[in-house]
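> no sequence for this one, just the structure:
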Ligand code: DLL
């Protein structure tokens, strides 16, 4: 039997041990943690307590893992409705970090970590990097954005704790990224897959190579198998898919091992269920549905049955890497209307909120998503009012800038705004349409 750490294809790091626990031992650990986290949420977070009381349930209702299925779901709107700190289960003086991610309206959702939560996060990121075959001696260029986004700091702490050398370059400034990649002996890069495709394009144009790069850790947005093949062939590396979400911890909820046949979920900290998005019923392993996650060890912001909206399936079959933690299929789509541009989550409703703040436009708009040179672009077409159109042609540019400012203020991205004549946007086609380029990557 292989335990992974003897397996030449997979680097073992002592922190990876929970990946290989025998199932009964893992399930006993999960149950103990689940009971504790449900109690903590019930005792400290009014929203959880009220919802459970409404169903006549107390924390003692969880006697076995499947009992979790009786508990109410948590959704993104719950974070928005309790903005900013309403779901915290720790007093502020125990919270050592805050991050934020876009919500469905103008306000972001806020997530919190205690010192122990940061250790859990660092631990799952160490296990993620180790699963990609990285170890001390590797040089990691961390091109996920640093700041309120969880990608940058999450990957940073994990790579450092692994013992690797971290280059905290953050996102953007492609010329400098390419220079650092070649000159600093970088062996692994962490960024969004769309940014990697962009780096490949620019490297080609500049006639530069990827030096010692051997591994890429790509996530924060959906990407296809074709895109993986493209990246691997063009950059000469092994591309791994990493999954995570702010509400649960950030990056490091799951990752592909070297076999890259599904993402191993760090089940000792995040308990997965797959549900039918319409009825909410729990589905058996192997069925496609929405991923629901419960944090088993988070203190500052426990999440009970959080509906991720991400569509996948849970695979219990053992993996040839020896890990006993289950895998999920790669995520290609969501059950809601959120889309992701350059790693930033965007809801059409946020764009609408921004547009409605500006006079001279109608509530008719369309978001056009394109992919050029591997980078996702977003353009917003906005219909102007008839009066505005006839009276103030001169003012159109100012209006365009005002709308771009309003959107940037709301979603944190500068996008193109295109004004169109009254009555030209189809009323029935939905708010967002995706126009992919020919290369289908
Ligand atoms: O994107 C955390 C992250 C950072 C993951 C860096 C991986 C790497 P949020 O900004 O809260 O957190 O966005 C979470 O992004 O619900 C998915 O819809 C999507 N997503 C994240 N990773 C993947 C992936 C970070 N590997 C939302 N494949 C999630 C597909 C992904 N979608």
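Structure received. Just so you know, these numbers come straight off a predicted model, no measurement behind them.
> Which residue is it, in the stretch 101-250 of the chain, that comes closest to the ligand?
The stretch 101-250 of the chain approaches the ligand most closely through residue 219 (3.0 Å), counting by C-beta to the nearest ligand atom. To be clear about C-beta, it is placed using only N, CA and C from the backbone, and glycine gets the same treatment.
> so what's that residue up against?
Residues in contact with residue 219, defined by C-beta atoms under 8 Å, 6 or more residues apart in numbering, are 151, 192-193, 241-244, 251.
> what about it, distance to residue 370?
Plainly put, residue 219 is 22 Å away from residue 370 if you go by C-beta to C-beta, to the nearest Å.
> who's the nearest residue to residue 404 once chain neighbours are set aside bridged to?
Nearest residue to residue 404, sequence neighbours excluded (C-beta to C-beta, 6 or more residues apart in numbering): residue 417, at 4.7 Å. Beta-bridge partners for residue 417, by DSSP bridges, are residue 380.
> Please work out how many residues are found near residue 423.
10 (other C-beta atoms under 10 Å).
> Return the backbone torsion pair for it.
phi 60, psi 30 (degrees, to the nearest 10).
> Let me know the pLDDT of it.
pLDDT recorded at residue 423 is 76.
> Residue 412 against residue 344, yeah?
Yes: contact status for residue 412 versus residue 344: in contact at 6.1 Å, counting by C-beta atoms under 8 Å.
> list the buried ones in the helix of greatest length in the chain?
When the chain is parsed with DSSP state H, its longest helix is helix 23-44. By neighbour count with 16 or more other C-beta atoms under 10 Å, helix 23-44 contains the buried residues 26, 29-31, 33-35, 37-38, 40-42, 44.
> Those residues: which two are farthest apart?
Using C-beta to C-beta, the pair of those lying farthest apart is 26 and 44, separated by 26.5 Å.
> residues touching the residue nearest to residue 404, list them.
Going by C-beta under 8 Å, 6+ apart, the list of residues near residue 417 reads 379-382, 400, 403-404, 407.
> repeat that with 6 Å
380, 400, 403-404 (C-beta atoms under 6 Å, 6 or more residues apart in numbering).
> now, which of these lie within helices?
Of the contacts of residue 417, the ones assigned to helices by DSSP H are 400, 403-404.
> among those residues, who's most crowded?
residue 403 (25 neighbours).
> Verify the stated contact: it with residue 360.
No: using C-beta atoms under 6 Å as the test, residue 403 is too far from residue 360 to be in contact (9.0 Å).
> ok, and residue 202, which helix or strand is that part of?
Taking DSSP states H and E as the definition, one finds residue 202 inside helix 193-206.
> wait, residue 217
Judged by DSSP H and E, residue 217 forms part of strand 215-219.
> Closest one to residue 87 out of the contacts of residue 417, please.
Distances from residue 87 to the contacts of residue 417, taken by C-beta to C-beta, are shortest for residue 380, at 31.6 Å.
> who's in contact with the closest one?
Counted by C-beta under 6 Å, 6+ apart, residue 380 has contacts 365, 367, 415, 417.
> Need the phi and psi values for the third one.
For residue 415, the backbone dihedrals are phi -120, psi 160 (criterion: degrees, to the nearest 10).
> Would you mind measuring from it to residue 382?
11 Å.
> Same question for the last one.
Using C-beta to C-beta, residue 417 is found at 6 Å from residue 382.
> any shared contact partners between these two?
The overlap between the contact sets of residue 417 and residue 382 (C-beta under 6 Å, 6+ apart) consists of residue 403.
> min pLDDT across the ones in helices among the contacts of residue 417, which one?
residue 400 (87).
> Test my guess that residue 364 contacts residue 383.
Yes: using C-beta under 6 Å, residue 364 is in contact with residue 383, at 4.3 Å.
> Please say which of the two ends up with more neighbours.
Neighbour count, other C-beta under 10 Å: between residue 364 and residue 383, residue 383 has more, with 21 against 18.
> Please list all residues in contact with the more buried one.
Residue 383 touches 362, 364, 420, 422, 425, counting by C-beta under 6 Å, 6+ apart.
> JSON lines for the contacts of residue 417, including distance to the ligand?
As requested, these are exported to JSON lines (distance: C-beta to the nearest ligand atom, whole Å):
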{"residue": "380", "distance to the ligand": "21"}
{"residue": "400", "distance to the ligand": "28"}
{"residue": "403", "distance to the ligand": "24"}
{"residue": "404", "distance to the ligand": "22"}
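> which two in those residues are spaced the farthest apart?
380 and 400 (10.0 Å).
> For residue 355, see how far away residue 384 is.
11 Å.
> Overlap in contacts, those two.
Jointly contacting residue 384 and residue 355 under the rule C-beta under 6 Å, 6+ apart are residue 361.
> Around the ligand, which positions in the stretch 201-350 of the chain sit nearby?
219-222, 241-246, 250-251, 308, 310, 331, 334, 340, 345 (C-beta under 6 Å from any ligand atom).
> okay, the closest residue to residue 102 other than its chain neighbours: pLDDT?
Computed as C-beta to C-beta, 6+ apart, the closest residue to residue 102 that is not its neighbour in sequence is residue 345, at 4.8 Å. For residue 345, the pLDDT comes out at 86.
> in what helix or strand does residue 345 lie?
Secondary structure assignment for residue 345, by DSSP H and E: strand 344-346.
> Any chance you could list what contacts that strand?
Strand 344-346 has contacts (C-beta under 6 Å, 6+ apart) with 102, 338-339, 411, 413.
> Output the ones in helices among the contacts of residue 417 in a markdown table; the columns should cover distance to residue 323.
Shown next, in a markdown table, are the ones in helices among the contacts of residue 417 (distance: C-beta to C-beta, whole Å):
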| residue | distance to residue 323 |
| --- | --- |
| 400 | 52 |
| 403 | 49 |
| 404 | 46 |
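> just the helices in this protein please.
Assigned by DSSP H, the helices in the chain fall at 23-44, 46-54, 76-81, 115-131, 150-162, 174-183, 193-206, 225-235, 348-356, 386-391, 396-411.
> check contacts around residue 290.
275, 277, 335.
> ok, so of those residues, who is nearest residue 233?
Looking across the contacts of residue 290 and measuring by C-beta to C-beta, the closest to residue 233 is residue 335, at 32.3 Å.
> Just give the nearest non-adjacent residue to the closest one, would you?
Nearest one to residue 335, counting by C-beta to C-beta, 6+ apart, is residue 277 at 4.3 Å.
> Surely that neighbour and residue 334 touch.
No: with contact defined as C-beta under 6 Å, residue 277 does not reach residue 334; the gap is 9.6 Å.
> in its sheet, what does the longest strand seen in the chain sit against?
Taking DSSP state E as the criterion, the chain has its longest strand at strand 361-372. Strand 361-372 pairs in its sheet with strand 375-384 (antiparallel), strand 432-435 (parallel), by DSSP bridges.
> among those strands, which gets the worst mean confidence?
strand 432-435 (a mean of 61).
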